[in-house]
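Participant: below is the sequence, then the predicted model.
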Amino acid sequence: MARRWKMAAGVVAWLGLGSALTAQQMQPPTPIGPSGMVPPFVLTAQPGGDPTVRPPVSNPGVPAPPAPIGPGIPVPTGPGAPDAGEPPGLDASSARYNAFTSNGEGTYLPFVSSVNLEYLILWYRGHRTPILVTTGDPADPIPGGIGQPGTRILHGTQTSPGASNAFRLTYCYWLVDPEVLSFDTSFMIMEQRRLIFGRTSDDDGVPVISRPYVDPISNLPNADPRALEAVLRGGAQDNFYTRLMGAEANFKWNASGAPAYTGPVMFVVAGARWLRLDEKYQNNDFAQDLPLGSGQSYTFRDTITTYNEFIGGQLGIVGRWRIDRLSLELSGKLAVGPNFQTYKAHGQTVTRDDSTGTIVDVANEGFYVQSTNAGIQRTTQVCFVPELNVNLGINLNENLKFTVGYGIFEMINVIRSSSQLSNQIEIQPPGIPTSFPRGTLRQTEFWAQWLSLGIEVSY
């Protein structure tokens, strides 16, 4: 009997110990408040008395509370919520970095297109010619002739055009973003320049006005008078016209790799270039025998027009450095290709008998244009066009930039109307063929440099 009681007491003790262990391990379920939400935090005291934040134990069927990111601020979870660690309300893909937000974080998304309109103050190479107009002493053996004691140059040798107005429009479109490959186009046009020189005598033929030349037969200086005291009255007029325009289309590739909203970057440029240079020389001289009505009146006209049309391929390098709102850009390009040249010249001499009114008009015989160099000639030359540019830009706001720059380019192997003028002239009576001037086209060079002011709009 005693043995049975002992066994019963052992079973009861074992059951009591198991119940105590079970009661100690199991926690009561977390109560759900009237709103149906699980309380987000449970404060427990740790050794040392410092309270810590501990999430409640998860229970089947009860959603886990959000993890805290700061004192009492939960982060939403579920579809459409931002990634963990991303500040709420900030979408990194929408950040656009530029001169005003270039903090070096996030994804760099440059603008896709830009348009730049520039005003150019342009200087181009002047005209180099023989001596065109002189004055002198009527007592000299050849009044106005080169080498005579009283001769002074009125016009010729070099004509400077001064500053000209021009405009340039540039468009850039990035084919591969960000700033990997772009297609750039530009068009430039200069105002047509006209340089005028004119000198006229009084009714008595004062002062002396002459067209100097060299007689190719005797190889001696001579002069064809337009005004000579008590002999002729008259005048001489020269006009030079210049028109310049051009366009180019290039692919621009970022050779530095990743785009840079700050610091240096280098681009390689390859494309095509077109340039058009048209020039014309025109004179209009008259002379009349004195005394008036006793002899003849003369009109002399020459027109020499040259056209250069260059079409070629080009390569170049562009370096850019950005610092906050400022940007500095240096570029160098070289274009090579054919230059299609056209030369047109015609002259005219009109003689009128003042007593009878009879007029004799002789074509292709003026002064600088004779039968030997009149007409149309065409030729093609290989032309080289190097160009250098430096531009400084400052961002006025996110989409607007002001630019100022300097540039220079040169065309090697061109024909100009002024370079076709020759002082080797054979003077013959109207209708008699001459041997000079020669009709050979003389090649030269043309350059232009400019200061630019521009506004660039990016979008």
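Facilitator: Thanks, I have the structure now.

Participant: what about the helices in this structure?
Facilitator: Using DSSP state H, the helices of the chain run over 2-25.

Participant: quick one: low-confidence parts of the stretch 251-400 of the chain?
Facilitator: 258-260 (pLDDT under 70).

Participant: and residue 43, what pLDDT?
Facilitator: On the pLDDT scale, residue 43 is placed at 44.

Participant: actually, residue 53.
Facilitator: Predicted confidence (pLDDT) for residue 53: 42.

Participant: now do the same contact list for the residue nearest to residue 428 when sequence neighbours are not counted.
Facilitator: Nearest non-adjacent residue to residue 428, counting by CB to CB, 6 or more residues apart in numbering: residue 434, 5.3 Å away. Every residue, glycine included, has its C-beta placed from N, CA and C. For residue 434, the contacting residues are 365, 370-372, 426-428, by CB atoms under 8 Å, 6 or more residues apart in numbering.

Participant: go again with 10 Å.
Facilitator: 216, 365, 370-373, 425-428 (CB atoms under 10 Å, 6 or more residues apart in numbering).

Participant: report the two of the residues you listed separated the most.
Facilitator: Maximum pairwise distance in the contacts of residue 434, criterion CB to CB, is 16.0 Å, between 216 and 365.

Participant: who's more crowded, the two?
Facilitator: residue 365 (23 against 17; other CB atoms under 10 Å).

Participant: distance of the more buried one relative to residue 250?
Facilitator: 49 Å (CB to CB, to the nearest Å).

Participant: just residue 383 next, same as before
Facilitator: Distance from residue 383 to residue 250, by CB to CB: 18 Å.

Participant: ok, residue 435 next?
Facilitator: From residue 435 over to residue 250 (counting by CB to CB), the distance is 49 Å.

Participant: okay, the two: which has more neighbours?
Facilitator: More neighbours surround residue 250 than the other of residue 435 and residue 250, with 23 against 13 (other CB under 10 Å).

Participant: quick one: residues contacting the more buried one.
Facilitator: So residue 250 contacts 172, 182-186, 267-273, 314-316, 318, 333 (CB under 10 Å, 6+ apart).

Participant: can we see that at 8 Å?
Facilitator: So residue 250 contacts 183-185, 269-272, 314, 316 (CB under 8 Å, 6+ apart).

Participant: please pick the buried ones from these.
Facilitator: Listed as buried from the contacts of residue 250 are 184, 269, 271, 314, 316; burial here means 16 or more other CB atoms under 10 Å.

Participant: the fourth one - nearest residue in space that isn't next to it in sequence?
Facilitator: Same thing as residue 314. According to CB to CB, 6+ apart, the nearest residue to residue 314 is residue 335 (3.6 Å).

Participant: and the one you found, how many neighbours does it have?
Facilitator: Going by other CB under 10 Å, the residues that sit close to residue 335 add up to 25.

Participant: wait, isn't it in contact with residue 271?
Facilitator: No: using CB atoms under 8 Å, residue 335 is not in contact with residue 271, being 9.1 Å away.

Participant: who touches both of those two?
Facilitator: 313-314.

Participant: who's in contact with residue 192?
Facilitator: So residue 192 contacts 241-243 (CB under 8 Å, 6+ apart).

Participant: wait, residue 123 touches residue 408, no?
Facilitator: No: using CB under 8 Å, residue 123 is not in contact with residue 408, being 9.5 Å away.
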